[in-house]
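**Q** kindly generate the corresponding structure for this input.
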Amino acid sequence: MITARDAAVIAAQLGRAPRGLLAVAHRCPCGLPDVAETAPRLPDGSPFPTLYYLTCPRACAAVSTLEASGMMREMTARLCDGALRGRYESAHRDYLARRDAAARSAGVEPLPPGTQSAGGMPDRVKCLHALVAHELAAGDVNPFGREVLDAVGPWWQAGPCVSETVAETAPEAVPEASLEAAPETRS
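**A** Got it, this is the predicted structure:
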């Protein structure tokens with residue numbers, strides 16, 4: 001369940017009303033949501049495979065810097081290491097299981113077998129934001145998500161990314177209908 005306050009904070013973080021929210025999957029040490037969990041299907045029933053979204057703009061900016069540095073190419077090249085590949089494939093299976101559970105919880109049909117998970121899993125590294133969101137939400141399951149978190153350090157030290165005023169006005173900030181609508185991509 002998502003509260004109106006959390007939905008308003010996520011809206012302020014994203015710069016738009018959130019859609020398809022199921023829960024706050026992780027909270028930043030400052031107490032605000034930093035990962036949102038979304039429904040795996042759009043209202044028309046079409047698949048939407050991304051389950052976890054990194055919402056904190058400070059965390060997103062730090063991760064974007066690493067993406068721009070070419071870290072994804074280097075990580076993909078490292079998948080030739082059998083042990084690392086095995087851990088990444090395990091993270092992929094974890095993501096799929098969590099997404100199926102979220103679909104059941106939301107009362108929608110799970111996505112068909114073979115639907116991609118997120119972040120390029122299990123064959124490549126495509127989106128560090130998705131891998132970080134998975135690692136934060138699931139905890140100690142995604143080796144590349146963990147590496148990125150270690151590399152970005154404590155993005156929250158500057159304080160909350162959204163003012164308390166936003167949180168205090170939450171019930172008015174997000175229309176109730178947006179809590180039931182479908183998710184959209186970060187791009």
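**Q** any idea how far Leu128 is from Ala151?
**A** 9 Å (CB to CB, to the nearest Å). No exception for glycine: its C-beta is placed from N, CA and C like everyone else's.
**Q** looking at these two, which one has more neighbours?
**A** Taking other CB atoms under 10 Å, Ala151 and Leu128 do not tie; Leu128 has more neighbours (28 against 15).
**Q** list the contacts for that one?
**A** Val63, Leu66, Glu67, Met71, Met72, Gly119, Phe144, Gly145, Val148 (CB atoms under 8 Å, 6 or more residues apart in numbering).
**Q** next SSE downstream of the lengthiest helix in the chain?
**A** Secondary structure of the chain read by DSSP state H shows that its longest helix is helix 82-106. Counting by DSSP states H and E, the next helix or strand C-terminal to helix 82-106 is helix 128-138.
**Q** tell me the mean pLDDT for that next one?
**A** For helix 128-138, mean pLDDT rounds to 98.
**Q** returning to that earlier point: mind listing what's buried along the longest helix of the chain?
**A** Of the residues in helix 82-106, 87-88, 91-92, 94-96, 98-100, 102-103, 106 count as buried by neighbour count, 16 or more other CB atoms under 10 Å.
**Q** okay, and for this protein, where does confidence drop off?
**A** 164, 166-187 (pLDDT under 70).
**Q** centroid-nearest residue for it?
**A** The residue lying closest to the centre of the chain (CA atoms, centre = their mean) is Tyr53, at 2.2 Å.
**Q** report the beta-bridge partners for that residue.
**A** Ala36 (DSSP bridges).
**Q** picking that back up, what would the contacts of Leu128 look like in a markdown table with distance to Pro47 and neighbour count?
**A** Formatted as a markdown table, the contacts of Leu128 follow (distance: CB to CB, whole Å; neighbours: other CB atoms under 10 Å):
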| residue | distance to Pro47 | neighbour count |
| --- | --- | --- |
| Val63 | 25 | 26 |
| Leu66 | 28 | 18 |
| Glu67 | 25 | 15 |
| Met71 | 28 | 18 |
| Met72 | 24 | 21 |
| Gly119 | 16 | 28 |
| Phe144 | 24 | 26 |
| Gly145 | 22 | 29 |
| Val148 | 26 | 24 |
